[in-house]
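J.: Sequence plus the predicted model coming up.
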Amino acid sequence: MGEQRQRYNEEFKKQTVRFIQEQTKTVADLAEELNIPRGTLHQWMGQYRELKYEPAASGDRVRELEAKLSELNRQLHEKEQKLSDVEEELAIVKKAVHIFSKPKN
C-alpha cells in the first residue's frame, strides 16, 4: 500500500515559510532537514511569503537595493523640479491673465 500523505495546518505552513525566509540556507537544504518535499515548500512560499521577513543579508542584494533607492531618489528630485517649474509657469500665466483681463480706460 502507498504511504499516507502528511497534512499540515495553515499556521504550521506560515511558520515554516517564515523560518525559510529567515535562513540563509537553500530551500532544498531546508526541505531535507524538515523532511518536507522541496516542491511543497516552494508552493508554500508562493502562498505565504511576506517580504518583511526577507533578510537583506547578501552584499549584492544590499548594493542592488541601494542603487535602486538612489535611482528612485534621482527620479523624485527630477519630478519635484518639474513640478516647481510648472507651478512657476502657472503663476506667470495667472498674472498675465489678470493683467490682460483688466478693462481698458
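T.: Yep, that arrived.

J.: Okay, helices next: where are they in the chain?
T.: Assigned helices in the chain, in chain order: 10-22, 27-34, 38-48, 59-100 (criterion: DSSP state H).

J.: closest to Q4 out of those?
T.: The minimum distance between Q4 and these falls on helix 38-48, with 15.2 Å, by C-beta to C-beta. Using the backbone N, CA and C atoms, a C-beta is placed for each residue, glycine as well.

J.: Give me the buried stretch members for the closest one, please.
T.: Buried residues in helix 38-48, defined by neighbour count with 16 or more other C-beta atoms under 10 Å: L41, W44, Y48.

J.: could you dump the residues you listed to CSV with distance to S70 and pLDDT?
T.: Shown next, in CSV, are the buried residues of helix 38-48 (distance: C-beta to C-beta, whole Å; pLDDT from 0 to 100):
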residue, distance to S70, pLDDT
L41, 34, 85
W44, 34, 85
Y48, 32, 74
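
J.: With respect to V97, which of those is nearest?
T.: Y48 (58.0 Å).

J.: list the contacts for that closest one?
T.: K13, K14, V17, R18 (C-beta atoms under 8 Å, 6 or more residues apart in numbering).

J.: Could you tell me which of the residues you listed count as buried?
T.: K13, V17.

J.: hey, C-alpha coordinates of stretch 10-28 in CSV?
T.: Output of stretch 10-28 as CSV, limited to C-alpha atoms (Å, rounded to 0.1, in the frame of the first residue of the first chain):
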residue,chain,number,x,y,z
GLU,A,10,-2.1,26.8,7.9
GLU,A,11,-0.2,28.1,10.9
PHE,A,12,2.5,25.4,10.5
LYS,A,13,2.8,26.4,6.8
LYS,A,14,3.1,30.1,7.7
GLN,A,15,5.7,29.5,10.4
THR,A,16,7.7,27.2,8.1
VAL,A,17,7.7,29.9,5.3
ARG,A,18,8.8,32.5,7.9
PHE,A,19,11.6,30.1,9.1
ILE,A,20,12.7,29.6,5.5
GLN,A,21,12.8,33.3,4.8
GLU,A,22,14.9,33.9,7.9
GLN,A,23,17.5,31.3,7.0
THR,A,24,20.5,31.7,4.7
LYS,A,25,20.2,28.0,3.6
THR,A,26,18.7,26.9,0.3
VAL,A,27,15.1,25.6,0.1
ALA,A,28,16.5,22.2,-0.9
